[in-house]
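Asks: Sequence plus the predicted model coming up.
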Amino acid sequence: MEISKQLEKEFNLKPWQVENTLKLIDDGNTIPFIARYRKEATGSLDDQLLRELNDRLMYLRSLEEQKEKVINSITEQELMTEEIMKSIEAAQTMTELEDIYRPFRPKRKTRASVAKAKGLQGLADAIYSQEKGQPAPSILAEDYLNDEVETVEDALQGARDIIAELISDDPKGRKLLRYSIRKNGVITVKGAQEDLGVYEMYKEYSEPVSKIARHRVLAVNRGEKEGFLKVSVEYDKTIATDILTSLHCKNNNSATDEVIEAIDDAYNRLIFPSIEREIRNELTDSACEKSIKVFSENTRQLLMQPPVKGRVTIGLDPGYRTGCKVAVVDATGKVLDTGVIYPAPPHSKIEQAKAIIKNFVKKYKVEMFAIGNGTASHETEVFAADVIKELDCGITYMVVSEAGASVYSASKLAAEEFPDYDVSLRSAVSIARRLQDPLAELVKIDPKAIGVGQYQHDMPQKELTNALDGVVEDCVNSVGVDLNTASPQLLGRVSGINSSIAKNIVAYRDEIGVFTSRQQLKKVAKLGPKAFEQCAGFLRVAESKNVLDNTAVHPESYSAATELLTLCGVSESDVKSGNITALTKRVETDGTSALAEKLGIGEPTLKDIVSELAKPGRDPRDELPQPLLRTDVMSIEDLKAGMELKGTVRNVIDFGAFVDVGVHQDGLVHISQITNRFIKHPSEILKVGDIVTVWVIEADSKRNRISLTMKNPNK
């Protein structure tokens, strides 16, 4: 199999696209760098498709390596044939390859190997041949009696064990059965104890293997793991017997009867348990793969939420007994002050708390509150809304997810960043900064702890970590990073920079004051030419005299960008002031194709340069809808059926989306209530951070559940 041909077919790409992309990957270029700065080579493939292609490339290369090992093993056993070689070369998956290799794989002690050791291989071969006119198996067996095989029945049983293993190892039979069980098998779930708790709906449950939804696969897997459920695959044995009989029964004689008995044993003891495990694993792998994609997309949207820039913010980390921790941070995220208030039970020192917050607001000119959504969040939200009313000075607030904040606060990283602060106060700082710049703050937290998916703790952790690390890397590089303010954690997510180089950048920055050009990066310890090539375009230096240093234009394209400015009669000061009308007119007049050719660059690169010159230092997140800030609060008891509300999508899952409508408890919009047209998944319509209009279907305060719809009931 030619891997490049396979990738062309699977991804519907041209040969040159695959060839160039593979070369770029093999040369050690990062996915963000390839996606952004090698568009001409790849045909402008985006980062997500490049990651999928890279993952598939790794799988196919692993498959080729495994094929080599299988070929070597079979050849060493002197059992290789032309037919086996063709089968190996044609194998498209690890499962197919495993089926081919199964008969040749060195086995531990089995019933068949014991029978072979007793000298019963010849009897098994004679019976399996089912030749017409040969003596009955019981007569043939008499020639195989010895000290270890004392009776005819012992000999026949040993022969059947050998035949059963032969049938089990037959790749054709396994392939047909696997296909049939996938198509016609049923997942059956039963309760393993009286009280099933959250698994009550699965007490007596069944669903076709071919139709079971991935979130149900993960749910029953967890129930089984926790001991609440018993899960199995049910399949009509008659169909299986017919398939195996058609492959292994040649005549209708007494030898065939022995083969039929061996088929029954092979299916029950060897084949079905193996295929059942395979199918359960396939369902789990597929569910995990798709759930990781949903989790990744949710994380991407969360990280890319627009920052609320330039506002002094109070972060409130709510709590009951230990009080609400308060942190005041300036517009850049620097901590100005901290404290603890007790506005919630059991203390309820509301007036004292108000006095402290009002003092902070006046002293530091606070413009915004960020409230964590954990314990005592609702009481803190009510308190904050009252303070806002009393101050009446335009302050707004937003409830912020504090998922992972406690993990970060107790981490070594937080201790290094805030050595003088208590763990709980660090959390309040993190909450404030999450509102100011979600990306810069959330990169400090393990993506798995952010909590915008389903069953993330049940996922294969390596695959989940790799996927989420890729998302964080893509987000950081698409936004760009301020070289003079970024934390080591943020810098460590930049293309070509590892944690060691990130620390060296910060150390160099501390030594020189601030970077005044991208070229200074070359003086950072361990940041060599390759690392510079990979990272330079993603780092912004607002303090540089060269305006291009504050754009996503790569240093390798500076000469082309400068020539373009000269050609259009536009100066760098014009770019800084946003006066590039002459440039855009020239591009329109000449056309990007002709202009790119004149400058000796690709058309995609020219378009990117023009886009960057139009908005130097721009943050692509600023173009997205701003987050929904509130000034007042409601409770679940205030909600009535039919009430229209504005809300923020907090999580998108297989069966719907959770929306924050400002009552502390997120409401569920079931997939059937998102739109009137059919959709396979809520992500077709919604993403984390979307501001949506919803209507209340039901608000159950006893069970703390809110059902919402996005379908206007008045139409």
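Replies: That came through fine.

Asks: so Pro137 makes contact with Thr256?
Replies: No. Taking CB atoms under 8 Å as the definition, Pro137 is not a contact partner of Thr256, at 9.8 Å. Using the backbone N, CA and C atoms, a C-beta is placed for each residue, glycine as well.

Asks: Among the two, which residue is more densely surrounded?
Replies: Pro137 (23 against 18; other CB atoms under 10 Å).

Asks: Okay, now the unreliable bits of the stretch 1-150 of the chain?
Replies: 1 (pLDDT under 70).

Asks: Quick one: the helices in it, in order.
Replies: Here the stretch 1-150 of the chain has its helices, by DSSP state H, counting those that start in this stretch, at 3-11, 15-26, 31-37, 39-42, 47-76, 82-90, 94-101, 111-117, 121-129, 137-141.

Asks: Which one, of those helices, ends up nearest to Thr322?
Replies: Proximity to Thr322, assessed across the helices of the stretch 1-150 of the chain by CB to CB, is greatest for helix 31-37 (41.7 Å).

Asks: The helix or strand containing Val220 packs against which elements?
Replies: Per DSSP states H and E, Val220 falls inside helix 214-225. Counting contacts by 3 or more CB pairs under 8 Å, 6 or more residues apart in numbering; DSSP states H and E, helix 214-225 packs against strand 186-191, strand 229-234, helix 272-303.

Asks: at 6 Å what do you get?
Replies: Secondary-structure packing of helix 214-225 (3 or more CB pairs under 6 Å, 6 or more residues apart in numbering; DSSP states H and E): strand 229-234, helix 272-303.

Asks: Run through the neighbouring helices and strands of the least confident helix or strand in the chain by mean pLDDT.
Replies: Sorted by mean pLDDT, DSSP states H and E, the helices and strands of the chain end with helix 405-409, the least confident at a mean of 81. Packing contacts for helix 405-409, counted by 3+ CB pairs under 6 Å, 6+ apart, involve helix 423-436.

Asks: buried stuff in the helix it packs on?
Replies: For helix 423-436, the neighbour count (16 or more other CB atoms under 10 Å) marks 424-436 as buried.

Asks: about what we covered before: of all the helices of the stretch 1-150 of the chain, which lies closest to Pro682?
Replies: Of all the helices of the stretch 1-150 of the chain, it is helix 47-76 that lies closest to Pro682, at 18.6 Å by CB to CB.

Asks: That closest one: how far from the chain's middle?
Replies: Its chain's C-alpha centre and that of helix 47-76 lie 22 Å apart, by CA atoms, centre = their mean, to the nearest Å.

Asks: Wait, Asn373 touches Ala403, no?
Replies: No. Applying CB atoms under 6 Å, one finds Asn373 not in contact with Ala403, separated by 8.4 Å.

Asks: mind listing the helices for the stretch 551-700 of the chain?
Replies: Under DSSP H, counting those that start in this stretch, the stretch 551-700 of the chain gives helices at 558-568, 572-577, 581-590, 592-599, 603-614.

Asks: Now distance to Ser73 and mean pLDDT too, for these, in a markdown table please.
Replies: Formatted as a markdown table, the helices of the stretch 551-700 of the chain follow (distance: least, CB to CB, whole Å; pLDDT from 0 to 100):
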| stretch | distance to Ser73 | mean pLDDT |
| --- | --- | --- |
| helix 558-568 | 55 | 94 |
| helix 572-577 | 64 | 88 |
| helix 581-590 | 61 | 90 |
| helix 592-599 | 54 | 93 |
| helix 603-614 | 48 | 94 |
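
Asks: is it true that Ile691 touches Leu628?
Replies: Yes. Look at Ile691 against Leu628 with CB under 6 Å: they come within range, at 5.2 Å.

Asks: If you count surrounding residues, which of these two has more?
Replies: When Ile691 and Leu628 are compared for neighbours, Leu628 comes out ahead with 18 against 13, by other CB under 10 Å.

Asks: looking at it, that one is touching Val692, isn't it?
Replies: No. If you go by CB under 6 Å, Leu628 and Val692 don't touch, sitting 9.6 Å apart.

Asks: ok, back up a step: can you say which of the helices of the stretch 551-700 of the chain is nearest to Lys116?
Replies: Between the helices of the stretch 551-700 of the chain, helix 603-614 lies closest to Lys116; by CB to CB that is 64.6 Å.

Asks: Could you give me the buried positions within that closest one?
Replies: So for helix 603-614, counting by 16+ other CB under 10 Å, buried means 603-606, 608-610, 612-613.

Asks: can you put these in TSV and add distance to Gly223?
Replies: Listed next are those as TSV, based on distance: CB to CB, whole Å:
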residue	distance to Gly223
Glu603	55
Pro604	50
Thr605	53
Leu606	57
Asp608	50
Ile609	55
Val610	56
Glu612	52
Leu613	57
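
Asks: check contacts around Ser593.
Replies: Counting by CB atoms under 6 Å, 6 or more residues apart in numbering, Ser593 touches Glu603.

Asks: For it, give its distance to Val610.
Replies: To Val610, Ser593 is 13 Å away according to CB to CB, to the nearest Å.

Asks: for stretch 241-259, the distance to its chain's centre please.
Replies: Taking mean C-alpha positions (CA atoms, centre = their mean), stretch 241-259 and its chain are 48 Å apart.

Asks: mind checking the end-to-end distance for that stretch?
Replies: End-to-end span of stretch 241-259 (CA to CA, to the nearest Å): 12 Å.

Asks: can you list the weak-confidence ranges in the protein?
Replies: In the chain, residues with pLDDT under 70: 1, 451, 453-454.

Asks: re earlier: and of the helices of the stretch 1-150 of the chain, who's closest to Lys211?
Replies: The closest of the helices of the stretch 1-150 of the chain to Lys211 is helix 94-101. By CB to CB, the value is 21.3 Å.

Asks: Show residues contacting that closest one.
Replies: Contacts of helix 94-101 (CB under 6 Å, 6+ apart): 66, 70, 87-88, 91, 171, 174.

Asks: And stretch 542-550, by the same measure?
Replies: Stretch 542-550 is contacted by residues 514, 516-518, 540-541, 558, 561, 572, 575-576, 616-617 when judged by CB under 6 Å, 6+ apart.

Asks: Show me what counts as buried in stretch 208-223.
Replies: Buried residues in stretch 208-223, defined by neighbour count with 16+ other CB under 10 Å: 209, 212, 214-223.

Asks: what's the straight distance from one end of stretch 662-680 to the other?
Replies: Stretch 662-680: ends 28 Å apart by CA to CA.

Asks: What residues sit buried inside that stretch?
Replies: For stretch 662-680, a neighbour-count test (16+ other CB under 10 Å) marks 662-669, 671, 673-674 as buried.

Asks: Equivalent analysis for stretch 637-652, please.
Replies: 639, 645, 647-652.

Asks: Between the residues you listed, which sits nearest Arg178?
Replies: Val652 (33.2 Å).

Asks: That closest one is in contact with Pro682, isn't it?
Replies: Yes. Under the criterion of CB under 6 Å, Val652 makes contact with Pro682 at 5.1 Å.
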